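Chemist: Task: produce atomic coordinates for the following.
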Amino acid sequence: MLRELLAVGPGPVDLTAIDPRSTPGVKSRDEAEAQREDIESELGELQERLWAQSTGDGRDRLLLVLQGMDTSGKDGAIKKGLRGTNPKWLRIASFGAPTEEERAHHFLWRIRRRLPQPGTIGVFDRSHYEDVLVVRVRGLAPEEVWRPRYDEINAFEHQLAADGVAIVKVFLHISRDYQKERQLRRLDRVDKRWKFDPGDLDDRDRWDDFRAAYEEAIERCNTPAAPWFVVPGDRKWYRTWAVSRLVLETLRGLDPQYPERADLDVEALRARLLAS
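Modeler: Model (predicted):
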C-alpha cells in the first residue's frame, strides 16, 4: 500500500533525506496514467457509498490536510488528485492569514467551523498547522504561545478520529530549485503572474527555518489517529497520483456501505410502480 511507503515513521524527521523527485510505489508516468481511470471510478463509487452511509446513522467522513512550501502544488493536488469525486459531497477550505474575527478566538476556532460533516470528504488547503509553522518562522507569536499547540493539535485530531473522521495529512515535499522554477514561471507568464506574491520571496529566504518547523510539526504530530505522509512533489504527475491513491486507500479502509432501508416495503412499492 502507498500509505505504508509514504507514512512518516517514528523518531526524528529529516526531510533532506527524502528525494523530492522520487516516485515511491510507481515506476513511471505511463504506469501512473494507466491507473487513472480505475482510480477515478473507484473514488467516485466509494465517495457515493460514504455519503449514502451517512443518510442512515453513519458518522464516517474523511479529512485531507495539504501542507507544503509555496508552489508545492496544493491547488493541483485538489483539482487533479480528486478527479472522480462528486463536488456535491466535497468540502474545500483554504486557510490563509486569519481575519480580525478569527484572531479574537482560539487558533482552532476557525478550523472547527470548516470540518467536514458525516458522509463528506473535506480538504484543508493549509490548516491548523499554520499556527506552528508560519507563526513560528515569522515570529508572529512567542515560543511559549506556539509550542504548546503541538499537544493541542494532537488532542484535537484524536477527538476528530474518535468521532469518525479519517485524517490524511500530506506534506507536499518540493526542492528549493523546483520552487525557483515555479516562481519564475509565475513572473514570466501573464496567466500565472496574478498568483505571484512578493512576500513569498521573504519566506523563500527562510527556507531552512520552514523546513525545520515542518520537521518538528510532522514529528510531534504524527500519531496513529492522524498520520503524516510525505509526498515527493517535484514531479507533478506523481503528486497527483500519490494524493489520489492515499485518499483511495483511506476510503477503502473505511469501507462505507449502502444503508439498509428497513423503512421501505420494497415489494409493495414495486407493485405500486408496476401498476401505475
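Chemist: Excluding sequence neighbours, find me the nearest residue to residue 1.
Modeler: Nearest non-adjacent residue to residue 1, counting by Cβ to Cβ, 6 or more residues apart in numbering: residue 249, 5.6 Å away. Where you see a C-beta, it was placed from the backbone N, CA and C, and this is true even at glycine.
Chemist: wait, that neighbour sits on residue 4?
Modeler: No. Using Cβ atoms under 8 Å, residue 249 makes no contact with residue 4, being 9.3 Å away.
Chemist: If you count surrounding residues, which of the two has more?
Modeler: A count of neighbours by other Cβ atoms under 10 Å puts residue 249 above the other of residue 249 and residue 4, at 14 against 10.
Chemist: Check whether the residue nearest to residue 1 sits in a helix, strand or coil.
Modeler: Of the three states, residue 249 takes helix according to DSSP: H, G, I helix; E, B strand; the rest coil.
Chemist: Residue 75 versus that one, what's the distance?
Modeler: Separation of residue 249 from residue 75 (Cβ to Cβ, to the nearest Å): 22 Å.
Chemist: go on, residue 119?
Modeler: 25 Å.
Chemist: and if you look at residue 132?
Modeler: Taken as Cβ to Cβ, the span from residue 132 to residue 75 is 23 Å.
Chemist: More neighbours: which of these two?
Modeler: residue 132 (24 against 12).
Chemist: Can you give me every residue that contacts that one?
Modeler: Applying Cβ atoms under 8 Å, 6 or more residues apart in numbering, we find residue 132 in contact with 146-147, 149-150, 153, 213, 216-217.
Chemist: do residue 48 as well
Modeler: By Cβ under 8 Å, 6+ apart, the neighbours of residue 48 are 86, 89.
Chemist: A strand includes it, no?
Modeler: No. Counting by three-state DSSP, residue 48 falls outside a strand, being helix.
Chemist: Now do the contacts for the nearest residue to residue 83 once chain neighbours are set aside.
Modeler: Excluding the flanking residues, the one nearest residue 83 by Cβ to Cβ, 6+ apart is residue 40, at 5.2 Å. Contact partners of residue 40, counting by Cβ under 8 Å, 6+ apart, are 83-84, 244.
Chemist: Put the buried members of these into a PyMOL selection.
Modeler: Only the buried entries of the contacts of residue 40 go into this PyMOL selection, using 16 or more other Cβ atoms under 10 Å:
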select buried, resi 84+244
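Chemist: Closest one of the contacts of residue 40 to residue 108?
Modeler: Using Cβ to Cβ, residue 244 comes nearest to residue 108 of the contacts of residue 40, at 28.5 Å.
Chemist: before we move on, the earlier item: check which helix or strand the residue nearest to residue 83 maps to.
Modeler: Residue 40 is located in helix 29-54, with elements delineated by DSSP states H and E.
Chemist: what's the next secondary structure element after that helix?
Modeler: Past helix 29-54, the next helix or strand by DSSP H and E is strand 61-68.
Chemist: Report all helices and strands that the helix or strand following that next one contacts.
Modeler: Per DSSP H and E, the first helix or strand lying C-terminal to strand 61-68 is helix 74-81. Where contact means 3 or more Cβ pairs under 8 Å, 6 or more residues apart in numbering; DSSP states H and E, helix 74-81 is packed against strand 61-68, strand 121-125, strand 165-173, helix 236-254.
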